[in-house]
Structure formats: structure tokens, C-alpha cells
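Participant: Provide a 3D model corresponding to the input given below.
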Amino acid sequence: MSIDRGDRTDGARASANQLLARAAAATRRADRRLTDAIEDFFLADDARLDDRTRAALAATLAAMVATVERDLRRRAAAGMPADDLALVRRVQNGPELLDRLVGAGVLRDRELMRELIARTRQDVLVDLLPIIPPDEIGSASLLARLSASADARVADAALALMTAESRRRGTGKAGLDSTELPAELHHRLVWWIAAALREQVETPGADRPIGEAALRALADHDESDRVESAAVRLAAAIDPQTAELPALLTHALGDRRVTLFIALLGHALGIDFASLRDMLFDSGEQLWLALRAAGLDRAAIARIGLSLCDADPRRDVEGFADQLDAIMAVTPDEARVALAPFRLHPDFRAAMAELEKRR
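Facilitator: Sure, this is the predicted structure:
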């Protein structure tokens, strides 16, 4: 009898310890949820993601993690000893790793989220922009015209951008083929997922196959395949003159080719793609300066501004109209001086900003 009671006591003690641990974890979760709720309540309206963008961002992030995870599991399983079927199955069929990465906080990486949020906002903008047939150019799409250019470099670059855009749109329904992230961000994501997979498998024998799988995945990632990279190459191939730029920009936006719009304006000003994309989604002041720095006249800026106001409910069309006189009062030279810091290398600007914060 005493032995039976002792067994029951030991089992109850173990269960009690588990209950205490779960209660402590629940307390920590409740405190974290309260902190997040307070931060969300005091978040400025212009900083809060709208529901559509939030849902699209969540779907994109989940798809990216699933794509890399699926690839790593396949590669790692292929590198496992063929006679250890139990280990191969654990590597191939474990629970999804997204929740672990979210819980660990690694996906809060500032640069990763900057890229994903900007890309998501860009995709949402593409869906909402009105399609405007360009004046004096005809009804053919800009990329179709460029792909038929007599300049082989322009034609090839236009076809490459059309292919890249088609691939990204097509993967939205069937799942991603790749992350299409900049190389540095792709590397971070691959190693985070590799570490989470190793943690889940909990077998030292899996270390080398998982590490080698990650290295092969990194070697196969081609940053030049990204839509953004293709757009930058096309903008460089076109290399428009100042007089040609307004028509190209308004045509690109009228075609909903937002990526090309960003690349063309960035090329004209010597500003990198990511920085110019950020300007497009800020409150507007920097974008208006960029358009003036590129020499656009009142009609072109008004057309671009009205298109953006139609597509983005956060933009005030009456406020833009009231601001147009002030925008035009800024000379192109003044606008170029104001934007001069953006022509510096992004890492240089980041280092300067970091020093400024620590002054």
C-alpha cells in the first residue's frame, strides 16, 4: 500500500510541477499581451497597418517561412543516413516552424520587416491603383512597348521584368517558389529556420545534414531574379533623359507598374530602390520633393498625386491639392539639395543615423 501511495504521490508531484510551470508561462504571456495591447492603443493612426495590409503581410511571411522550411527539410532528409528511417521521418514531417520563430522573436528583425511591409504595401497599391490609358502614347502597356524596343538591351530587360512580375503574381495562389528577398535577409531567414529545425529534431546526427542543406539553399538563391532587381536593370537600360521621364513615370503608374515607377525615379535621382520605395509610402513630402528634383512639372505631379490619392485612403486628395502650389514653389535644385543624403550608400546613412541617436 505504501508503495502504491508513493507512486501516486510522485506522479501528482510531477503533474503539479507541470501545472505550476504552465501557470508561470501563462502569466508571462498575459503580461506580454498587455504590453502589446498598450503599444497598439497608443500607436499613431498613420503608423498602424490597415487590415488588408496586415492580412497580406501575415500570409506573405507565413508563405516565405513555409517555402524555406519545405526546401530545408527536403534537402536535409536527402543527406541523412538511408538506414535511419526514423530520423528521416522526423526531419521530413515535423510540426511547422513558424510559431517557434514568432515566439522566439527573430522575425521581428527590423530590416526583414521593413522589406516585407514595403513589398506588401506595394502589392496592395498595385491592386488599388486606377488603370489610366496614357495620353499621346496609345493604349499599349509600357512594358509591351519596351519589350519591342529596337534597343536589344532595353527589350531584354523589359522581358525579364515581365517574367519576374508574372512569376511573383503566379506564386501568390500556388505558394512561393522562393523568398525573393535581398541576399542578406534571405541568409538570415534560412539560418533561423535551420536552427529551429535542428532544435525540433533534437538529434546531434542531424546537425551536419541540416547545416549542409542550408548552405546549398543559400548557394541556389539568386538575388538578381527579384522583381526589384529586374526593374532597376530596366531603368538603367532605358536611362531616360529629363524630358522623357514624366511620360515614363505617369505611364508606369497608369499601368500599375509600381516597381518600374520606383526604379525609374530612383535611377534618375541616384537613390537606391528601397529608399525611394520608402518615400512612396511616407506621408508624401519626400515623394513630392523627388518628383520636383527629377524636373516634373505641375501637370505630371498632379496626375501622379491624384492616382496615389485614389488608391490609398490614407492620402488626403484635398490636402494634396492645397499643397500643390507649395510643391511647385520648390525649385528642382532646392529639391535635389534636400534629397542629397539619400544618394549616399544606405549603410553609410544607417551608420550616421546610429551615431546621431547616440549623441
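
Participant: which residues of the protein fall in strands?
Facilitator: Remark: strands of the chain are absent; assignment by DSSP state E.

Participant: Show me the shaky parts of the stretch 151-300 of the chain.
Facilitator: Along the stretch 151-300 of the chain, segments meeting pLDDT under 70 span 170-176, 283.

Participant: how does it look with 50?
Facilitator: Scanning the stretch 151-300 of the chain with the threshold set as pLDDT under 50 gives 173-174.

Participant: how long is stretch 282-301 end to end?
Facilitator: 16 Å (CA to CA, to the nearest Å).

Participant: okay, which residue is most central for the protein?
Facilitator: With distances taken as CA atoms, centre = their mean, the residue of the chain nearest its centroid is Leu116 (2.2 Å).

Participant: pull the longest helix from this protein.
Facilitator: helix 2-41 (DSSP state H).

Participant: now that helix: how far from the chain's centre is it?
Facilitator: 38 Å (CA atoms, centre = their mean, to the nearest Å).

Participant: From the contact counts, what lies against that helix?
Facilitator: Secondary structure elements in contact with helix 2-41, counted by 3 or more CB pairs under 8 Å, 6 or more residues apart in numbering; DSSP states H and E, are absent; no helix or strand qualifies. C-betas here are computed from N, CA, C, even on glycine.

Participant: Quick one: mean pLDDT for that helix?
Facilitator: Confidence over helix 2-41 (mean pLDDT, whole number) is 75.

Participant: try stretch 110-124
Facilitator: For stretch 110-124, the per-residue pLDDT values average out at 93.

Participant: Apart from its chain neighbours, what residue comes closest to Gly305?
Facilitator: Spatial nearest neighbour of Gly305, chain neighbours left out: Phe320 (4.9 Å); criterion: CB to CB, 6 or more residues apart in numbering.

Participant: how many neighbours does that neighbour have?
Facilitator: Burial of Phe320 is recorded as 18 neighbouring residues (other CB atoms under 10 Å).

Participant: how about it, what does it touch?
Facilitator: By CB atoms under 8 Å, 6 or more residues apart in numbering, the contact set of Phe320 is Gly284, Gly305, Leu306, Cys309.

Participant: With Leu112 instead?
Facilitator: Contacts were defined as CB under 8 Å, 6+ apart; by that measure Leu112 touches Leu181, Leu185, Arg188, Leu189.

Participant: Is it possible to get a markdown table of the residues you listed that adds distance to Asp46 and neighbour count?
Facilitator: Shown next, in a markdown table, are the contacts of Leu112 (distance: CB to CB, whole Å; neighbours: other CB atoms under 10 Å):
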| residue | distance to Asp46 | neighbour count |
| --- | --- | --- |
| Leu181 | 26 | 22 |
| Leu185 | 25 | 19 |
| Arg188 | 28 | 16 |
| Leu189 | 28 | 24 |
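
Participant: May I ask which two of these are separated the most?
Facilitator: For the contacts of Leu112, the farthest-apart pair by CB to CB is Leu181 and Arg188; their separation is 8.8 Å.

Participant: follow-up on the earlier one: isn't the residue nearest to the centre of the chain up against Thr60?
Facilitator: Yes: at 6.1 Å, Leu116 counts as touching Thr60 under the criterion of CB atoms under 8 Å.

Participant: just the contacts of Phe320: which has the poorest pLDDT?
Facilitator: By predicted confidence, these are weakest at Gly284, whose pLDDT stands at 71.

Participant: And that residue, how close does it get to Leu128?
Facilitator: In this structure, Gly284 and Leu128 are separated by 16 Å, where distance is defined by CB to CB, to the nearest Å.

Participant: When the two are compared, which one has more neighbours?
Facilitator: Shown here are Gly284 and Leu128; by other CB under 10 Å, Gly284 has more neighbours (21 against 14).

Participant: Could you pull up the residues touching the more buried one?
Facilitator: Gly284 sits in contact with Gly305, Leu308, Arg315, Phe320, Gln323, where contact means CB under 8 Å, 6+ apart.

Participant: Can you name the residues that contact Ala294?
Facilitator: With contacts taken as CB under 8 Å, 6+ apart, Ala294 has the following neighbours: Thr242, Leu245, Leu249, Leu265, Ala268, Leu269, Pro332.

Participant: Farthest-apart pair in those residues, please.
Facilitator: By the measure CB to CB, the contacts of Ala294 have their two most distant members at Leu249 and Pro332, which lie 14.7 Å apart.

Participant: Compare these two (neighbour count), which wins?
Facilitator: Using other CB under 10 Å as the criterion, Leu249 and Pro332 rank with Leu249 on top: 24 against 15.

Participant: what's near enough to touch that one?
Facilitator: Counting by CB under 8 Å, 6+ apart, Leu249 touches Phe261, Leu264, Leu265, Leu291, Ala294, Leu296, Ala300, Ile304.

Participant: Thanks a lot, see you next time.
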